[in-house]
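Participant: A structural model of the following input is requested.
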Amino acid sequence: MADIIQLDKSKLGLGNGWDYRQLSNPKSIIVHSTNGAKGSTYYSEARYIYTSKKISAHYIVGKEGQITQFLDTMLRAWHAGAVNDPRFNNNNSIGIECHYTPGEGIWTKAMHDALTWIVQTLSIKHKILLPDLIETHRRVAIPKGRKIDPSGFTDTEFYVWRNRLFEIPTAKPFIRYKVIADIAKIRTSPRIADNVVPLRLTKGDIIESEATKVDENGTYINGINTWAHITRGKHNGITIDGLGFTHTSNLTIVG
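Facilitator: Purely as a prediction, here's the structure:
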């Protein structure tokens, strides 16, 4: 993940959209969207949050995966307003804005990935370890309907994403393959059109790969027209761990 840009709002002085938490460490996270004017940029939205005397947030996430931090999470940002659950009031919550304007496309993968990373990082740091402690602004704001953000992120999408943050990753087993083709090309990704790595496998080489294989779109499948990532392997005594992908038609399973 890219470095977090620091735009320290506390330097503007107490009361500029922030103050001190009262006898509380952060207990929850609220996800917002900026919902500014069409054509707004990440930098203009970040500048607005930084200079506003009335509101703030701890972070903003951009469409290209940028992250700017305005306040240390131990300070209280004025981001939530009136809420229906004290766990999510300003004193108890961390506010994360996402640069999104209704009617301007979709949330980018880079923004999703950056939001996932920062939320997981903060969850571990502050021991926010239950899914229901991460919420949308529209869910906690009162009166009901006062807020609609994060726009472009439906409730269904949000709660699927939120719950997956807490899934325990399982280690994938490895399959051991022997190369049966005289020469097996290695490509930089599982696509015929993508670049061939200069080094090639030859008959008898042994590689190990995750048991799940991928198609040309990088989707994990169990089909025939699949590619195996060279997770571990050697060719003529040269380590080629992680070098690329080879088509499974070049291989046979040996263990």
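Participant: And Ser44, how far from Ile30?
Facilitator: According to Cβ to Cβ, to the nearest Å, Ser44 stands 22 Å off from Ile30. (C-beta placed from N, C-alpha, C; glycine too.)
Participant: quick one, which of these two is more surrounded?
Facilitator: Ile30 (31 against 13; other Cβ atoms under 10 Å).
Participant: doesn't that one fall inside a strand?
Facilitator: Yes - with DSSP: H, G, I helix; E, B strand; the rest coil as the criterion, Ile30 is part of a strand.
Participant: is it true that it touches Glu135?
Facilitator: Yes - shown here, Ile30 and Glu135 form a contact pair, counting by Cβ atoms under 8 Å, at 5.8 Å.
Participant: Can you pull the poorly scored residue ranges out of the stretch 1-150 of the chain?
Facilitator: 1-2 (pLDDT under 70).
Participant: the helices in it, which residues?
Facilitator: For the stretch 1-150 of the chain, applying DSSP state H, counting those that start in this stretch gives helices covering 42-51, 109-125, 137-140.
Participant: Minimum distance to Thr68: which of the ones you listed has it?
Facilitator: Checking the helices of the stretch 1-150 of the chain against Thr68 by Cβ to Cβ gives helix 42-51 as the closest, at 5.0 Å.
Participant: who's in contact with the closest one?
Facilitator: Contact with helix 42-51 is made by 7, 9, 12, 17, 34, 36, 55-57, 60, 62-64, 66, 68, 70, 97, 99, as judged by Cβ atoms under 8 Å, 6 or more residues apart in numbering.
Participant: can we see that at 6 Å?
Facilitator: Residues outside helix 42-51 that contact it (Cβ atoms under 6 Å, 6 or more residues apart in numbering): 7, 9, 34, 36, 57, 60, 62, 66, 68, 99.
Participant: Contact partners for the last one?
Facilitator: Going back to what we said before, that points to His99. For His99, the contact set (Cβ under 6 Å, 6+ apart) comprises 34, 42, 45, 62-63.
Participant: for the second one, same thing?
Facilitator: Contact analysis of Lys9 by Cβ under 6 Å, 6+ apart lists 50, 56, 70-71.
Participant: Out of those, the closest to Phe245 would be?
Facilitator: When the contacts of Lys9 are compared for distance to Phe245 (Cβ to Cβ), Phe70 wins out at 41.7 Å.
Participant: Looking at the contacts of Lys9, which two lie furthest apart in space?
Facilitator: Tyr50 and Leu71 (10.0 Å).
Participant: And these two? Which one has more around it.
Facilitator: Leu71 (22 against 19).
Participant: hang on, the more buried one packs against His58?
Facilitator: Yes - if you go by Cβ atoms under 6 Å, Leu71 and His58 touch, sitting 5.1 Å apart.
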